[in-house]
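*Asks:* A structural model of the following input is requested.
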Amino acid sequence: MQSNYIAKGAFVLMAGWSVYSPALAGGLERGGYNIDLLFDRSPYAAEASATYVMPQRKLKNAQDTITGPDGNLSTTPGYSYSSTADDSESYWSPRIGIKAGIGDSVDCMFDYSQPYGAHTNPGANWAGANDNIETKVDSDNYAATCSYRFDAGPGQLRLIGGANYLRMDGFKERLLIAPEALGFAFSGVGRLDLEGDGWGWRAGAAYEIPEYAFRASLMYYSQVKLDEVTGTVDLTQVPVGSVYAGTVVPVEGSTAMPDALELKLQSGIAPDWLAFGSVKWTDWSQLQRIPFYNNGVEITSLDLGYRDGWTVTGGIGHKFNEQWSGALSLTWDRGTSQEFGTQTDTWLFSAGVSYAPTQHVEIRLGGVLGILTGGESSASSIDGIPVGDEASYEYDSDLVAALSTSLKVKF
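*Replies:* Take a look at the predicted model:
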């Protein structure tokens, strides 16, 4: 009697609950990859969700550490560059998925998401403008994932596999020569535009015991090789300083978005109560220094210098009645920045509610409040090449908030 009651209450949460954490993690991760819809027991299900993330990262004590034809923005008399800046921009993270059951054993899911991205915009009037004025990265991911399940002991074992196509694009602007040094005839800003695409795959397994609302899943997501990243370096606002000055230079390079391994666990622990948790490792350390060339000559590079990312989540869910359920969770994400950058450890507290007006419709709302821990950025090196040496700055612990909503239809 006890186990059946758990199944009646907590399994509803297992089938329809999604942990409310913001699309915010280390490296370039936003929404990441998510296959939870695949486990929905309805023959057909469709889900649309959107998360709006509002980071509040602020920089202080910024100093330009470059010497050269532009002088030093922090110390040169007559320059009025600020030592502070608002670094972060708010953003949306959408996801759309459709799942269909094929016979009694096969389920397939097709989804669109934006797993990666970044947007920093401290502007052109701070002392670190030689390092960054604005950087923006966007992604579009299209994935197909299927599973085959069969009886194994008291539950069912599910084998999972699929493929995804990832497209990425973005730009970076930074100050190469101060406009004061050019007599304000030019802005002195250089711009890098890039785009690339590639294919990846995913594989894993899950074990489920519906009677106890238990599920354990282990998923591996392969790296996505972006073998042909192409773009331009626009130096039309930089009339001096190199043989490419005043021109638009085609460039090319290559990189790969990292592979990841994720373990998820959940189980009914009492009537109408569910505990859940996850651990995820992402190989961000493979993104170090990415050079871009024109006819074999390096023109510029993206200097990231990441270390591996770890994300750990734990939480609890409760079913209040046949229509309402809720959950609370706590997430720790290890920062991927090392000597330079602003990606320090993040702590996130998430809360959400689920409302099911009918057995075919479910609406979820969630909120997140978190802390971006403080730190500092200064010069470093990657394979003996100086990086992060355009500017130094500090930042205190800052707040991040997020709102999430989703609609699922099952039939």
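*Asks:* so for residue 31, what's the pLDDT?
*Replies:* We note a pLDDT of 85 for residue 31 in this prediction.
*Asks:* quick one: contacts for it?
*Replies:* 23, 51, 93-95, 113-115 (CB atoms under 8 Å, 6 or more residues apart in numbering). Quick note: C-beta positions are derived from backbone N, CA and C, even for glycine.
*Asks:* among these, which are in strands?
*Replies:* Cross-referencing these against strands under DSSP state E gives 51, 93-95, 113.
*Asks:* report the buried members of those residues.
*Replies:* Among these, those scoring as buried are 51, 93, 95, 113 (criterion: 16 or more other CB atoms under 10 Å).
*Asks:* ranges for the strands of the stretch 301-411 of the chain?
*Replies:* Along the stretch 301-411 of the chain, counting by DSSP state E, counting those that start in this stretch, strands occupy 309-319, 324-333, 346-358, 361-372, 375-377, 380-382, 385-387, 391-395, 398-410.
*Asks:* tell me the contacts of residue 204?
*Replies:* Residue 204 sits next to 160-161, 217-220 when contact means CB under 8 Å, 6+ apart.
*Asks:* show me which of the residues you listed is closest to residue 176.
*Replies:* Comparing these against residue 176 with CB to CB places residue 220 closest, at 41.7 Å.
*Asks:* which helix or which strand is home to the closest one?
*Replies:* strand 214-221 (DSSP states H and E).
*Asks:* buried residues, stretch 197-209. List them.
*Replies:* 197-198, 200-202, 204, 206-209.
*Asks:* could you tell me which of the residues you listed belong to strands?
*Replies:* Per DSSP E, strands hold the following members of these: 197-198, 200-202, 204, 206-209.
*Asks:* from these, pick the one nearest residue 245.
*Replies:* Nearest member of those to residue 245, counting by CB to CB, is residue 197, at 31.2 Å.
*Asks:* okay, residue 168: pLDDT?
*Replies:* So residue 168 comes in at 97 (pLDDT).
*Asks:* that one is in contact with residue 225, isn't it?
*Replies:* No - judged on CB atoms under 8 Å, residue 168 makes no contact with residue 225 at a distance of 11.8 Å.
*Asks:* these two: which is more packed in?
*Replies:* Legend: neighbour count by other CB atoms under 10 Å for residue 168 and residue 225, higher for residue 168 (24 against 16).
*Asks:* name the nearest residue to the more buried one, ignoring sequence neighbours.
*Replies:* Nearest residue to residue 168 in three dimensions, chain neighbours excluded: residue 139, at 4.8 Å (CB to CB, 6 or more residues apart in numbering).
*Asks:* likewise for residue 29?
*Replies:* Using CB to CB, 6+ apart, the closest residue to residue 29 is residue 116 (6.1 Å).
*Asks:* thought residue 139 was touching that neighbour, still the case?
*Replies:* Yes - shown here, residue 116 and residue 139 form a contact pair, counting by CB under 8 Å, at 4.2 Å.
*Asks:* got any residues that touch both of those two?
*Replies:* Shared contacts of residue 116 and residue 139, counting by CB under 8 Å, 6+ apart, come down to 30, 166, 168.
*Asks:* quick check: which element contains the last one?
*Replies:* Assigned by DSSP H and E, residue 168 belongs to strand 155-175.
*Asks:* sheet partners, orientation included, of that strand?
*Replies:* Note on strand 155-175: by DSSP bridges, its sheet partners are strand 134-152 (antiparallel), strand 189-209 (antiparallel).
*Asks:* and the shortest one, how far out from the chain middle?
*Replies:* On the basis of CA atoms, centre = their mean, to the nearest Å, strand 134-152 is displaced by 13 Å from the centre of the chain it belongs to.
*Asks:* quick one: mean pLDDT over it.
*Replies:* 97.
*Asks:* thinking again about what came up before, for the strands of the stretch 301-411 of the chain, which one sits closest to residue 36?
*Replies:* Closest to residue 36 of the strands of the stretch 301-411 of the chain, according to CB to CB: strand 398-410, at 10.4 Å.
*Asks:* need the helices for the stretch 1-150 of the chain, in chain order.
*Replies:* Along the stretch 1-150 of the chain, counting by DSSP state H, counting those that start in this stretch, helices occupy 2-16.
*Asks:* any low-confidence regions in it?
*Replies:* 1-24, 67-79 (pLDDT under 70).
*Asks:* swap in 80 and give it another go.
*Replies:* Applying pLDDT under 80 to the stretch 1-150 of the chain flags residues 1-25, 66-80.
*Asks:* tabulate the ones in strands among the contacts of residue 31 (TSV), appending distance to residue 184.
*Replies:* Shown next, in TSV, are the ones in strands among the contacts of residue 31 (distance: CB to CB, whole Å):
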residue	distance to residue 184
51	42
93	39
94	41
95	46
113	44
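*Asks:* next, count neighbours for residue 354.
*Replies:* Based on other CB under 10 Å, the number of other residues close to residue 354 is 25.
*Asks:* beta-bridge partners for it, please?
*Replies:* residue 325, residue 364.
*Asks:* what's the answer for residue 410, then?
*Replies:* Residue 410 forms beta bridges with residue 45, as assigned by DSSP bridges.
*Asks:* coming back round to it: list the buried residues for the strand holding residue 168?
*Replies:* In strand 155-175, counting by 16+ other CB under 10 Å, buried: 155-156, 158, 160, 162, 164, 166, 168-175.
*Asks:* out of those residues, the closest to residue 299 would be?
*Replies:* Of all these, residue 172 has the smallest distance to residue 299: 12.8 Å, by CB to CB.
*Asks:* I figured the closest one hits residue 134, correct?
*Replies:* Yes - the pair residue 172 and residue 134 passes the contact test of CB under 8 Å, sitting 7.4 Å apart.
*Asks:* contact partners for residue 377?
*Replies:* With CB under 8 Å, 6+ apart, residue 377 has these contacts: 337, 339-342, 388, 391-395.
*Asks:* actually, residue 166.
*Replies:* Residue 166 makes contact with 115-116, 139-141, 197-200, 224, 226, 257 under the criterion CB under 8 Å, 6+ apart.
*Asks:* right, I'll leave it there.
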